[in-house]
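Enquirer: just need the structure, nothing else, for what follows:
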Amino acid sequence: MLKQRVITALVLSLLSLLALFFIEEWLWELLALLLGAVAAWEWAGFSRWTSKLQRGVFSAFVTGLSFIFLNLLKQEDLWMLGLIELAVAALVVLRYQFTGGRFGLKIDVGILLSGVLAITVFTNVLVFFREDFSPWILLISLAVVWAMDTGAYFSGKRFGRHKLARHVSPGKTWEGVVGGALVAFVFSWLSLSAMFAGSDYSALPAAIMLAFIAVLSVFGDLFESVLKRQVSIKDSGKILPGHGGILDRIDSLLIALPLSYLMWSLA
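Expert: Numbering: from 1, shown residues only. Now for the predicted structure:
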């Protein structure tokens with residue numbers, strides 16, 4: 001199982017890097033829309049829309065809406081929608097935790113609308129991020145979240161004692177979050193210091209903000225955990241051997257990427 005996960009991760013990393021740095025903008029946009037289409041297909045499984053036809057309709061709707069928004073939404077719109085998405089995820093997670101797992105987001109319309117919001121914003125930000133800044137800035141912003149996940153996993157395994165959200169995700173601990181935040185900060189600080197070496201730009205404020213965003217990205221992971229628990233599934237899909245579905249890999253990024261885009265836009 002571990003070998004399969006590692007192989008899949010290496011292949012995905014290589015393909016992602018090649019796409020990020022070498023393909024044309026129109027093809028990057030197409031890939032972002034395709035990623036959103038698969039994510040929407042999986043998201044429909046969190047509701048009672050379980051047939052292939054229903055999932056296909058929802059996926060097509062979200063993908064079409066994402067494409068339309070590429071020509072309509074401005075930076076300020078994405079900032080606002082990203083903050084709304086964070087608020088929705090946080091409220092659902094906290095409500096589920098504090099009610100002992102009794103109340104989450106069980107209304108199908110609410111589940112589907114939250115998916116429309118999360119996936120369309122993510123798809124648009126993924127496209128605009130690369131165009132407005134650079135592949136390197138986007139890569140660092142993504143990698144900080146991955147560093148957070150990796151640091152949280154290993155520090156949680158080694159030092160984890162106090163549960164973060166027992167009813168949402170019993171395996172996560174406060175020690176894991178702290179360890180992940182430290183790893184995210186060190187990674188972002190070193191990466192940005194190397195990128196801006198020789199300039200007057202200070203990497204420290206941006207590194208602190210990216211680490212803070214990485215901590216907030218945990219709400220994306222926990223939000224998906226709530227939705228999966230409500231329908232008693234372990235993974236959102238099976239498209240990635242050893243990893244589950246697309247949503248299982250981008251759940252934290254659904255929160256983190258819009259916030260990172262906001263940070264770099266204001267910076």
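Enquirer: quick check: which ranges of the stretch 1-150 of the chain have low pLDDT?
Expert: For the stretch 1-150 of the chain, the stretches flagged by pLDDT under 70 are 1-6.
Enquirer: chain neighbours aside, what residue packs nearest to Ala256?
Expert: Ser217 (3.7 Å; Cβ to Cβ, 6 or more residues apart in numbering). (Glycine included, C-beta is placed from N, CA and C.)
Enquirer: which phi and psi values does that neighbour adopt?
Expert: phi -60, psi -20 (degrees, to the nearest 10).
Enquirer: so what's the residue count around it?
Expert: Ser217 has 27 neighbouring residues, counting by other Cβ atoms under 10 Å.
Enquirer: mind listing the helices for the stretch 1-150 of the chain?
Expert: 2-22, 25-43, 52-70, 75-98, 108-132, 135-159 (DSSP state H, counting those that start in this stretch).
Enquirer: so for Val231, which of those sits nearest?
Expert: helix 108-132 (9.4 Å; Cβ to Cβ).
Enquirer: quick one: the closest one to helix 52-70, angle?
Expert: Going by axes from the mean of the first three to the mean of the last three Cα atoms, to 10 degrees, helix 108-132 is angled at 40 degrees with respect to helix 52-70.
Enquirer: give me the angle between helix 108-132 and helix 75-98.
Expert: 140 degrees.
Enquirer: just to check, Trp136 is in contact with Met195?
Expert: Yes - contact criterion Cβ atoms under 8 Å: Trp136 and Met195 qualify, at 6.4 Å.
Enquirer: quick one, which of the two is more surrounded?
Expert: Neighbours were counted for Trp136 and for Met195 using other Cβ under 10 Å; Met195 has more, 15 against 12.
Enquirer: and the pLDDT at the more buried one?
Expert: pLDDT, Met195: 89.
Enquirer: Ile137 versus that one, what's the distance?
Expert: The spacing between Met195 and Ile137, counted by Cβ to Cβ, to the nearest Å, is 8 Å.
Enquirer: same check on Val226?
Expert: The value you get for Val226 to Ile137, if Cβ to Cβ is used, is 31 Å.
Enquirer: what about those two, which has more around it?
Expert: Counting neighbours by other Cβ under 10 Å for Val226 and for Ile137 shows that Val226 has the greater number, 23 against 19.
Enquirer: the more buried one reaches Lys106, doesn't it?
Expert: No - with contact defined as Cβ under 8 Å, Val226 does not count as touching Lys106 (9.8 Å).
Enquirer: distance to Phe212 for the helices of the stretch 1-150 of the chain - can I get that in JSON lines?
Expert: Converted to JSON lines, these look like this (distance: least, Cβ to Cβ, whole Å):
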{"stretch": "helix 2-22", "distance to Phe212": "24"}
{"stretch": "helix 25-43", "distance to Phe212": "25"}
{"stretch": "helix 52-70", "distance to Phe212": "27"}
{"stretch": "helix 75-98", "distance to Phe212": "12"}
{"stretch": "helix 108-132", "distance to Phe212": "18"}
{"stretch": "helix 135-159", "distance to Phe212": "10"}
